[in-house]
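Asks: Starting from these lines, generate the structure:
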Amino acid sequence: MSLTDTEVRKAKATEKAYRLSDSGSLYLWVTPAGGKLWRWAYKYEGKEKLMSFGKYPAVSLAFARERHAEARKLLALGLDPMAQRKAAKTAEKIAAGNSFQTIAGLWFEHWRVEKSRQHVDATRRRMEANILPLLGTRPIAEIEAPELVAMVKAIETRGAADLAKRALENTGQIFRYAIAHGYAKRNPASEIRPADILKPTHKTNLARIDAKDLPGLLRAIEVYQGTHVTRLAMKLMALVFVRTSELIGAKWSEFDMEGARWNIPAERMKMRDPHIVPLATQAIEILEMLRTLTGVSEWLFPGDRVATKPMSNNTILQALKRMGYQGRMTGHGFRGLASTILHEQGYDHEHIELQLAHAPRNAVSAAYNHALYLEPRAKMMQAWADYLERTQRGGVVLPFRGSAA
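Replies: Now for the predicted structure:
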């Protein structure tokens with residue numbers, strides 16, 4: 001006689017455990033504590049075996065019968081149902097251990113060495129927000145190109161085409177790591193080009209004014225109505241044209257005032273190479289003024305609200321906005337302006353690129369980081385500072401008097 005749902009539901013615990021039999025040797029084992037377990041007794045190669053299908057009511061009578069029927073099919077094929085289930089669980093564990101998320105974590109720890117904290121954090125956020133939600137649980141060896149296409153296009157639909165390209169690049173790096181360490185045999189990301197799946201986009205450079213508008217900007221900075229620290233930050237940015245993150249993260253310990261140089265450590269640079277910024281006399285004057293304002297802090301530009309951290313990355317951009325330069329100028333724009341004008345004046349391209357920290361990572365980069373072309377770069381930076389000072393005072397773009405020779 002087969003069991004009914006009512007019989008299973010109404011089965012009560014007694015002092016001793018007992019069974020309620022269903023068809024095909026499936027039965028419900030009722031324990032003194034009131035537990036109800038689905039079990040199946042069978043023989044395999046002459047040995048008695050007992051297989052469990054779960055606990056009622058989490059596993060209903062109908063579901064227990066389905067599991068029982070699947071197990072009996074395996075037995076009919078000459079396979080041990082319990083051994084097959086154990087093998088399946090082992091395969092699941094292996095698949096979980098080889099999931100894309102697991103291998104991505106291994107790659108990330110390997111890749112992050114000698115990368116800047118800013119670069120590492122940006123890559124981690126990109127993975128967590130865009131890649132892992134779609135691919136993380138998948139066994140890495142089973143992922144195919146269409147899945148990567150779906151991921152990339154999902155990012156593109158948010159209007160983040162550049163982010164979609166970076167996500168595809170990171171995914172390819174993870175697959176290369178997986179192949180190198182035996183977790184996968186092919187890299188589906190290498191079979192895809194961004195141009196094959198993404199709509200073409202027109203690259204737009206960060207906003208910056210033309211050289212003819214430089215006098216007006218310099219004068220606007222000089223009379224800026226915000227805080228003195230922000231005004232001096234913009235003045236120093238114009239003089240040294242480093243990246244905004246490098247400027248706002250500057251610490252007093254990095255400055256050699258007697259040697260007139262700013263030594264930015266490798267961990268704060270985008271390319272993870274130490275960078276030297278020769279300081280013109282005008283830059284030294286600004287630093288001396290800053291010392292009276294922020295000298296008690298470790299930062300040149302401590303935050304307004306939290307003095308133990310540097311000012312926000314958005315501070316200079318907001319100041320330019322208040323001055324009427326929204327969409328026309330950014331902190332990064334000072335780099336482009338300096339590069340354009342210095343090139344027009346005939347300064348050595350290599351000297352300019354080194355000062356912009358665009359130097360290629362090759363065998364000579366280490367030598368550059370400490371002293372390469374320091375003297376001609378110091379002369380160039382002083383000439384640039386003199387040029388800005390004359391232009392600001394004159395209110396027009398004046399001739400560049402520095403020597404590019």
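Asks: how about low-confidence regions in the stretch 1-150 of the chain?
Replies: The model of the stretch 1-150 of the chain has pLDDT under 70 over residues 1, 90-97.
Asks: What ranges does it have for its strands?
Replies: Assigned by DSSP state E, counting those that start in this stretch, the stretch 1-150 of the chain shows strands spanning 18-21, 26-30, 36-44, 47-56.
Asks: what's the most buried one of those?
Replies: strand 26-30 (a mean of 21; mean count of other C-beta atoms under 10 Å). Where you see a C-beta, it was placed from the backbone N, CA and C, and this is true even at glycine.
Asks: What is that one packed up against?
Replies: In terms of contacts (3 or more C-beta pairs under 8 Å, 6 or more residues apart in numbering; DSSP states H and E), strand 26-30 is packed against strand 18-21, strand 36-44, helix 61-76.
Asks: The residue nearest the centre of the chain and Phe241, how far apart?
Replies: Residue closest to the average C-alpha location in the chain (C-alpha atoms, centre = their mean): Thr123, at 1.5 Å. Thr123 is 26 Å from Phe241, where distance means C-beta to C-beta, to the nearest Å.
Asks: Next, the buried residues of the strand or helix carrying Leu214.
Replies: Using DSSP states H and E, Leu214 maps to helix 214-222. Residues of helix 214-222 classed as buried by neighbour count (16 or more other C-beta atoms under 10 Å): Leu214, Pro215, Gly216, Leu217, Leu218, Ala220, Ile221.
Asks: hmm, back to that, the residue nearest to the centre of the chain and Phe108 touch, don't they?
Replies: Yes - between Thr123 and Phe108 a contact is recorded at 7.5 Å, counting by C-beta atoms under 8 Å.
Asks: Let me see the contact set for Ile103.
Replies: With contacts defined as C-beta atoms under 8 Å, 6 or more residues apart in numbering, Ile103 is in contact with Ile140, Ile174, Tyr177, Ala178, Tyr183, Ala184.
Asks: got JSON lines for those, with secondary structure too?
Replies: Supplementary listing: the contacts of Ile103 in JSON lines, determined by DSSP: H, G, I helix; E, B strand; the rest coil:
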{"residue": "Ile140", "secondary structure": "helix"}
{"residue": "Ile174", "secondary structure": "helix"}
{"residue": "Tyr177", "secondary structure": "helix"}
{"residue": "Ala178", "secondary structure": "helix"}
{"residue": "Tyr183", "secondary structure": "coil"}
{"residue": "Ala184", "secondary structure": "coil"}
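Asks: Out of those residues, which is nearest to Pro265?
Replies: Of all those, Pro265 sits closest to Tyr177, with 28.3 Å by C-beta to C-beta.
Asks: my guess is that closest one meets Phe108, correct?
Replies: No - using C-beta under 8 Å, Tyr177 makes no contact with Phe108, being 9.2 Å away.
Asks: Pick out whichever of the two has more residues nearby.
Replies: A side-by-side neighbour count of Tyr177 and Phe108, using other C-beta atoms under 10 Å, places Tyr177 first with 20 against 17.
Asks: Chain neighbours aside, what residue packs nearest to that one?
Replies: Trp107 (4.0 Å; C-beta to C-beta, 6 or more residues apart in numbering).
Asks: what's the burial count for the one you found?
Replies: Residues lying near Trp107 (other C-beta under 10 Å) number 21.
Asks: contacting residues for it?
Replies: Gln173, Ile174, Tyr177, Ala178.
Asks: what element comes up after the host helix or strand of Glu288 heading to the C-terminus?
Replies: Applying DSSP H and E as the criterion places Glu288 in helix 281-294. Counting by DSSP H and E, the next helix or strand C-terminal to helix 281-294 is helix 315-322.
Asks: Remind me what whichever helix or strand comes after that next one packs against, helices and strands.
Replies: As assigned by DSSP H and E, the chain's next helix or strand after helix 315-322 is helix 333-344. In terms of contacts (3+ C-beta pairs under 8 Å, 6+ apart), helix 333-344 is packed against helix 349-355, helix 374-394.
Asks: and the last one with helix 281-294, angle?
Replies: Angle, helix 374-394 to helix 281-294, by axes from the mean of the first three to the mean of the last three C-alpha atoms, to 10 degrees: 80 degrees.
Asks: Low-confidence ranges, the stretch 301-405 of the chain, go.
Replies: 359-372, 395-405.
Asks: mind redoing it with 50?
Replies: Counting by pLDDT under 50, the stretch 301-405 of the chain shows low-confidence ranges at 361-370.
Asks: what sits against the residue nearest to the centre of the chain?
Replies: Phe108, Trp111, Arg112, Lys115, Asn170.
Asks: Restrict those residues to the buried ones and give me that as a ChimeraX selection.
Replies: Filtering the contacts of Thr123 down to the buried ones (16+ other C-beta under 10 Å) takes a single ChimeraX command:
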select :108,111,115,170
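Asks: picking up where we left off before, take the helices and strands packed on helix 333-344 and write them to JSON lines, including distance to Ala41.
Replies: Putting the helices and strands packed on helix 333-344 into JSON lines (distance: least, C-beta to C-beta, whole Å) gives the following:
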{"stretch": "helix 349-355", "distance to Ala41": "79"}
{"stretch": "helix 374-394", "distance to Ala41": "85"}
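Asks: For Leu135, which of those is the nearest?
Replies: Closest approach to Leu135 among these (C-beta to C-beta): helix 349-355, 37.8 Å.
Asks: May I have the phi/psi pair for Gly78?
Replies: Backbone torsions of Gly78, given as degrees, to the nearest 10, read phi 90, psi 20.
Asks: swap that for Glu298, sorry
Replies: The phi/psi pair for Glu298 (degrees, to the nearest 10) reads phi -80, psi -20.
Asks: What distance do you get for it to Arg305?
Replies: From Glu298 to Arg305 the distance is 17 Å (C-beta to C-beta).
Asks: same thing with Pro194?
Replies: 40 Å.
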